[in-house]
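Chemist: Below are the sequence and a predicted model for it; my questions follow.
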Amino acid sequence: MLEDRYGNPLSTTSQLARDAYVEGVDCLLAADHKTEDAFRRAISADESFALAYAGLGRLKQIVARGDEAAAAMVTARRLTDGISAREQSHIAALDFLIGGNGRAAYDAIVGHLAHYPRDVLLVQPCTSVFGLIGLSGLAGREAEMLAFMHRLAPHYDDDWWFGSLHAFAQVETGQIAAAVKTIERSLERNPRNANGAHIRSHIYYENGETDAGFAYLDEWRNAYDRRGPMHCHISWHIALWALERGDDDRAWNVVENDVRPSSAWGPPLNVMTDTASFLLRAEMSGGRRRSDLWHEVSVYATKCYPDPGMPFADVHAALAHAMAGNADALNRVIEEAKGPAHEIVSVISEAFRAFSREDWSEVVERLVPIMSEHERIGGSRAQRDLIEFTLLNALLKADRAGEARQLLTIRRPRKALARPVRGL
């Protein structure tokens, strides 16, 4: 029987279908723009190959094409008769995930991996800061992610994809030295893995290595196709480092061409949150307010995330609405926030409203009580520095520079020498 790259038997007799499916899985794991083509070639070679449809469905979910994802899963389910128990379980778990039932998906995946730990396309949805663990809204999710990866590590040896995401879990829990070793092994095996390059940039960021990080990622991006799902977010990292280096022209050029909604291609979660995050950081670094871009992001957020329910998206949508003066949309986030982290979302959103009004005392009053638990909204440490820097900026504006320096030194010591906000 034919097998995938991880040794899992496949219910297809077509070598062409098998090879294209393996390519599709590798492309999805590396955030390569050729993923869809590979899965469709697998389907063309064997129209009864259920797992190829499921892989296509997962890709469509990642790039926020929900209707297409659902349609692919309808076909995958229809083709489950006669396939292996692993493949049936695989498709059932992805069906929960793509159908929006995250809790059931996670439970199904954990049960599945107990029997099939090398079923990589079911490991993948649980990894990273935007996976089922990362967006759970629960306290301790960073430690849970590391534990999840640690349990599976013996099954993956030096696999390039698993190593890159293992490194991400390590760096997000402060294990930077270990993360450096893990990511370097991963990138030796596949230097063109976009997820690996992205995670390497987070390690540079956490180490405060602005110049080294900028040089690495700027060069790496040159050969990365704009159609790649990580292009927008990788560009955001480059823009932030350009801003820290004082190269405002380069930072804005990258944002204008590769990050903002009217120019970028990528998952809406990245496009919306990265643009809002950059705009506020640019203002806090002394730049002028770009009302046109705040309005663009607010409109985009209303279109892509009309109903509150994803904490990380909601917080950034609230920021855009506050800075654009879209009071109705902002109030909806504050009043209708849902899920385990709903109270944190409301408080941070109120702080952004106060920031837009230059009510620095209220910003401080809102943010100080939740600084120890903003992990719950999701996102990486680098992304959540937006909240840290918002508090720092408010303290400076309120003539409390001593408290601001102390806060930065204690909470983000490696960033203390960078330029997160003007005046420190």
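Modeler: Perfect, I can see it now. Computed from a predicted model, the values in this text were never measured in an experiment.
Chemist: which stretches of the stretch 51-200 of the chain form helices?
Modeler: 66-78, 85-98, 102-115, 120-123, 141-152, 160-172, 176-189, 194-206 (DSSP state H, counting those that start in this stretch).
Chemist: Likewise for the stretch 301-424 of the chain?
Modeler: Under DSSP H, counting those that start in this stretch, the stretch 301-424 of the chain gives helices at 311-324, 327-336, 342-356, 360-367, 381-397, 401-411.
Chemist: mind putting the helices of the stretch 51-200 of the chain in TSV, mean neighbour count and mean pLDDT included?
Modeler: For the C-beta atoms, the positions are set from N, CA and C on the backbone; glycine is no exception. Below are the helices of the stretch 51-200 of the chain laid out as TSV (neighbours: other CB atoms under 10 Å; pLDDT from 0 to 100):
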stretch	mean neighbour count	mean pLDDT
helix 66-78	17	98
helix 85-98	20	98
helix 102-115	16	98
helix 120-123	23	98
helix 141-152	18	98
helix 160-172	26	98
helix 176-189	18	98
helix 194-206	24	98
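Chemist: Can you add distance to residue 19 and give the ones you listed back as TSV?
Modeler: Putting the helices of the stretch 51-200 of the chain into TSV (distance: least, CB to CB, whole Å) gives the following:
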stretch	distance to residue 19
helix 66-78	20
helix 85-98	18
helix 102-115	25
helix 120-123	16
helix 141-152	26
helix 160-172	18
helix 176-189	20
helix 194-206	22
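Chemist: Can you flag the weakest of the helices of the stretch 301-424 of the chain by average pLDDT?
Modeler: Ranked by mean pLDDT, the helices of the stretch 301-424 of the chain bottom out at helix 401-411, with a mean of 87.
Chemist: May I see the buried residues of that one?
Modeler: For helix 401-411, the neighbour count (16 or more other CB atoms under 10 Å) marks 403, 404, 405, 407, 408 as buried.
Chemist: How far does it sit from its chain's centre?
Modeler: 28 Å (CA atoms, centre = their mean, to the nearest Å).
Chemist: tilt between it and helix 381-397?
Modeler: Between helix 401-411 and helix 381-397, the angle comes out at 160 degrees (axes from the mean of the first three to the mean of the last three CA atoms, to 10 degrees).
Chemist: helices and strands around helix 401-411, which ones?
Modeler: The helices and strands touching helix 401-411, judged by 3 or more CB pairs under 8 Å, 6 or more residues apart in numbering; DSSP states H and E, are helix 381-397.
Chemist: C-alpha coordinates for the helix it packs on, CSV please?
Modeler: The C-alpha atoms that make up helix 381-397 are tabulated as CSV, following Å, rounded to 0.1, in the frame of the first residue of the first chain:
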residue,chain,number,x,y,z
ARG,A,381,4.4,37.6,22.5
ALA,A,382,5.6,39.8,19.7
GLN,A,383,2.0,40.6,18.7
ARG,A,384,0.9,41.2,22.2
ASP,A,385,3.6,43.7,22.7
LEU,A,386,1.1,46.0,21.2
ILE,A,387,-0.7,46.0,24.5
GLU,A,388,2.5,46.4,26.5
PHE,A,389,3.6,49.4,24.4
THR,A,390,0.1,50.9,24.6
LEU,A,391,0.4,51.0,28.4
LEU,A,392,4.0,52.3,28.2
ASN,A,393,2.9,55.1,25.8
ALA,A,394,0.0,56.1,28.1
LEU,A,395,2.4,56.2,31.1
LEU,A,396,4.7,58.5,29.2
LYS,A,397,1.9,60.7,28.1
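Chemist: Report the angle between that helix and helix 342-356.
Modeler: 50 degrees.
Chemist: Which strands and helices lie in contact with helix 381-397?
Modeler: helix 194-206, helix 268-284, helix 342-356, helix 360-367, helix 401-411.
Chemist: ok, now with 10 Å
Modeler: Contact here means 3 or more CB pairs under 10 Å, 6 or more residues apart in numbering; DSSP states H and E; on that basis helix 381-397 packs against helix 160-172, helix 194-206, helix 231-244, helix 268-284, helix 311-324, helix 342-356, helix 360-367, helix 401-411.
Chemist: List of residues touching the very next helix or strand once past the third one?
Modeler: I take that to be helix 231-244. Once the chain leaves helix 231-244, the next helix or strand it forms, by DSSP states H and E, is helix 248-258. With CB atoms under 10 Å, 6 or more residues apart in numbering as the test, helix 248-258 has contacts from 214, 218, 221, 226, 231-245, 247, 259-260, 262-266, 274-275, 278-279, 281-282, 285-287, 290, 293.
Chemist: and helix 248-258, which residues are buried?
Modeler: For helix 248-258, the neighbour count (16+ other CB under 10 Å) marks 250, 251, 252, 254, 255, 258 as buried.
Chemist: Likewise for stretch 33-41?
Modeler: 33, 34, 35, 36, 38, 39, 41.
Chemist: What count of nearby residues applies to the closest residue to the last one other than its chain neighbours?
Modeler: Using CB to CB, 6 or more residues apart in numbering and skipping the chain neighbours, the partner closest in space to residue 41 is residue 20 (4.0 Å). Neighbourhood size, residue 20 [other CB atoms under 10 Å]: 23.
Chemist: Done for today, thanks.
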